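[1] The amino acid sequence is not available; the structure is as follows:
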């Protein structure tokens, strides 16, 4: 039975031509690639921000221990800005992921 199925597959030739579908599939795959590139960029930015946050927390704590309130305030203001950037990046990643899933559903 297995030989018969293989034999049938070898002798079966078929061709199909769906230009509209292929064009739409290409467009969707280009979008998927763009979403993937955006995701990689955002992930790299998030890693950079995480490293900067660690150093700013240490600076702020050192300034607090040395009673340098101006430096401490500046460090916490920078932390606030970085936190806002991280939240905005997260929202962009969520939207990007939702759009990516929609594109992948079209492919399936």
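    Looks like it came in fine. This structure is a prediction, so every number in the text was calculated from the model and none was measured. Residues are numbered from 1 along each chain as shown.

[2] Tell me where this structure has helices.
    Applying DSSP state H to the chain gives helices spanning 2-11, 19-65, 69-107.

[3] In a markdown table, list those along with mean pLDDT.
    As requested, the helices of the chain are exported to a markdown table (pLDDT from 0 to 100):
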| stretch | mean pLDDT |
| --- | --- |
| helix 2-11 | 52 |
| helix 19-65 | 90 |
| helix 69-107 | 92 |
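
[4] any idea how far residue 103 is from the residue nearest to the spatial centre of the chain?
    The residue lying closest to the centre of the chain (CA atoms, centre = their mean) is residue 39, at 1.9 Å. Distance from residue 39 to residue 103, counting by CB to CB, to the nearest Å: 13 Å. C-beta: built from backbone N, CA, C; applies to glycine.

[5] What distance do you get for residue 80 to residue 90?
    16 Å.

[6] Same question for residue 97.
    Residue 97 is 10 Å from residue 90, where distance means CB to CB.

[7] cool, and residue 70?
    Distance of residue 70 to residue 90, given as CB to CB: 31 Å.

[8] Looking at the two, which one has more neighbours?
    Using other CB atoms under 10 Å as the criterion, residue 70 and residue 90 rank with residue 90 on top: 12 against 8.

[9] Tell me which residues touch residue 28, please.
    103, 106-107 (CB atoms under 8 Å, 6 or more residues apart in numbering).

[10] my guess is residue 93 meets residue 42, correct?
    Yes. Residue 93 lies in contact with residue 42 (CB atoms under 8 Å); the separation is 5.2 Å.

[11] count of residues packed around the nearest residue to residue 53 once chain neighbours are set aside?
    Setting aside the residues directly before and after it, residue 53 is nearest to residue 82 in space (CB to CB, 6 or more residues apart in numbering), at 5.6 Å. The number of residues packed near residue 82 is 16, by other CB under 10 Å.
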